[in-house]
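>>> What would the 3D arrangement of this be:
(one chain, ligands or ions: 1)
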Amino acid sequence: MKAVLAYSGGLDTSVAIRWLQVKYGYDVVTVTVDVGQGDNLKAIEDRAKAIGVAKHYTIDARKEFAMNYVMPCIKANGLYEGKYPLATALARPLIASKVVEIARKEGTEILAHGCTGKGNDQVRFDITMRALMPSCTIIAPIRDMNMTRDEELEFAKKEGIEIASEAKRYSIDQNLWGRAIEGGSLEYADREPDADAFRWVNVDPSLLPDDPTYMHIEFEHGLPVAVDDLRIGSNGKGAVEMIEYANEKAGKYGVGIVDHIEDRVVGIKSREVYEAPAALTIIEAHKELEKLVLTSHQLRFKQIVEQQWSMLTYSGLWLEPLRSDLDRFIESTQEYVNGKVTVKMYKGAFRVVARSSPYSLYDEGLATYSKGSTFDQSLARGFVELWGLQSIVANRVRSTIMRMEG
Ligand code: ARG
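Model (predicted):
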């Protein structure tokens, strides 16, 4: 019997191959989905084969990831708990769908992943796999065996499975949209992360450039179509390169680290550290352009939708119908989100310093405090009176009663 395993080449999934073989006697078919993790995919294939898999697939899904997962996240300003740009959360349903595709091709309904029972990834894999292949059996050896990372390392050693030295210190998940670093010394929430946790963002002050730099981002209907001179073509050509470029440029200036306490689906609070230079800068630029173009009513309501969208995506409900309902709302808000934004980056800090749009609602004539203002101030008096009416009445009523009682 065949089992199809989502294989990253890391500790969990390498241990999972061997466990599926010895415990269940399966012929293991591994699938490595390229979502821009930048790993050596040939080396991963060789590792799978060295552990004795029956067959290995490498699937390049980078463009699909960029266009169908990352771009909707940008339009949704997707930041879980206001901070985490959802890199891992976005990639999981795509990886799961590729595993299901291969399982169909291989004629099996036994699916496997290397997730632990403590994280969010099991939720994302299980739900997506079941939604796409309702009768599948899902095996998650690390979860099923209740293995700790140290036990896994021991098992790998005993079985002669080679593990990269970085994987011994941290649990890493990375893709085009970000890099999550967990475990090891990072589990002490009261301590600053060691510098060796970081790869994408320059954290060495002596290596940060002395002068600021600017990143120019252009949006069409909410979609980032150009970053500096890199432009995406029709059907997403160049989208991957554009995001990679933004990661590299912002990372070099020390921009892109997130360090926060995150609420996992399974109830655990965890200290999470991310590197996401492109995500943080592009989402900030997109938000700022929306502020120029959307009305205050649209912006306020969209924030509620964004929070809900991020929560669904984070918690493994990518295929929940509400998510596509929300996407339709979001899409509708993006109709006029066209324009250009400039982000300034300097020694780890970044901010938007300029924005413009043909659909801008910003009117200098209305906003100016200098001469030439077109705003009729005499209208304000009556407005303020009505705007505060209930607050003024409530205060008056309550203080009158208080005086009578006291
Ligand atoms: N906390 C993040 C999330 O749930 C990152 C998970 C990283 N996964 C990993 N296997 N290291 O999306």
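>>> Now do the one helix or strand in the chain whose mean pLDDT sits lowest: which elements does it pack against?
Here the helix or strand of the chain ranked lowest by mean pLDDT, DSSP states H and E is helix 165-169, holding a mean of 77. Judged by 3 or more C-beta pairs under 8 Å, 6 or more residues apart in numbering; DSSP states H and E, helix 165-169 is in contact with no other helix or strand. (Each C-beta comes from the backbone N, C-alpha and C, glycine too.)
>>> quick one: buried residues of that helix?
Using 16 or more other C-beta atoms under 10 Å as the burial criterion, the residues of helix 165-169 that qualify are Ala167, Arg169.
>>> Residues contacting it, please?
Gly10, Leu11, Leu153, Ile172, Gly183, Gly184, Ser185, Asp196 (C-beta atoms under 8 Å, 6 or more residues apart in numbering).
>>> Quick check: the third one is in a helix.
By that I understand Leu153. Yes - under DSSP: H, G, I helix; E, B strand; the rest coil, Leu153 sits within a helix.
>>> can I get the CA coordinates of the least confident helix or strand of the chain in CSV?
Listed next in CSV are the C-alpha coordinates belonging to helix 165-169 (Å, rounded to 0.1, in the frame of the first residue of the first chain):
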residue,chain,number,x,y,z
SER,A,165,22.7,21.3,11.9
GLU,A,166,20.4,24.3,11.8
ALA,A,167,17.4,22.0,12.2
LYS,A,168,18.9,20.8,15.5
ARG,A,169,18.8,24.4,16.9
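>>> how near is the most centrally placed residue in the chain to Leu208?
For the chain, the residue sitting closest to the mean C-alpha position, by C-alpha atoms, centre = their mean, is Leu86 at 2.0 Å. Separation of Leu86 from Leu208 (C-beta to C-beta, to the nearest Å): 27 Å.
>>> interface residues of this protein facing the ligand?
Taking C-beta under 6 Å from any ligand atom as the contact definition, the chain meets the ligand at Thr88, Ala89, Asn120, Asp121, Ser171, Asp173, Ala180, Glu182, Glu262, Glu272.
>>> Any idea which of these the model trusts least?
Minimum pLDDT for the residues of the chain next to the ligand is recorded at Ser171 (89).
>>> just checking, that residue touches Leu153?
No - counting by C-beta atoms under 8 Å, Ser171 sits too far from Leu153 to count as a contact (11.5 Å).
>>> can you list residues touching both of the two?
With C-beta under 8 Å, 6+ apart, Ser171 and Leu153 have common neighbours Leu11.
>>> Helix or strand next in line after the least confident helix or strand of the chain, which one?
Remark: after helix 165-169, the chain's next helix or strand is strand 171-175, criterion DSSP states H and E.
>>> Pull up the pairing partners for that next one, direction included.
Counting by DSSP bridges, the strands paired with strand 171-175 are strand 178-182 (antiparallel).
>>> Phe375 belongs to a strand, doesn't it?
No - checked against three-state DSSP, Phe375 lies outside a strand; its state is coil.
>>> Skip the chain neighbours and tell me the closest residue to it.
The shortest distance from Phe375 to any non-neighbouring residue, by C-beta to C-beta, 6 or more residues apart in numbering, is to Leu366 (4.9 Å).
>>> Would you check how far apart the one you found and Arg398 are?
37 Å.
>>> repeat for Gln303
For Gln303, the distance to Arg398 equals 32 Å [C-beta to C-beta].
>>> what do you get for Glu106?
72 Å.
>>> Neighbour count: the two, which is higher?
A count of neighbours by other C-beta atoms under 10 Å puts Glu106 above the other of Glu106 and Arg398, at 18 against 10.
>>> Please name the residues that touch Asn202.
Residues counted as contacts of Asn202 (C-beta under 8 Å, 6+ apart) are Leu208, Gly251, Lys252, Tyr253, Gly254.
>>> From Leu5, how far out is the fourth one?
When C-beta to C-beta is applied, the distance between Tyr253 and Leu5 equals 39 Å.
>>> neighbour count winner among these two?
Neighbour count, other C-beta under 10 Å: between Tyr253 and Leu5, Leu5 has more, with 29 against 24.
>>> Bridge partners for the more buried one, pull those for me.
Thr30, Ala112.
>>> is it true that it touches Thr32?
No - look at Leu5 against Thr32 with C-beta under 8 Å: they stay out of range, at 9.8 Å.
>>> I'd like the residues of the chain next to the ligand as CSV, with neighbour count and distance to Leu132 appended.
Output for the residues of the chain next to the ligand, formatted as CSV (neighbours: other C-beta atoms under 10 Å; distance: C-beta to C-beta, whole Å):
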residue, neighbour count, distance to Leu132
Thr88, 24, 19
Ala89, 28, 17
Asn120, 22, 19
Asp121, 24, 16
Ser171, 18, 26
Asp173, 20, 21
Ala180, 20, 24
Glu182, 18, 27
Glu262, 17, 27
Glu272, 21, 28
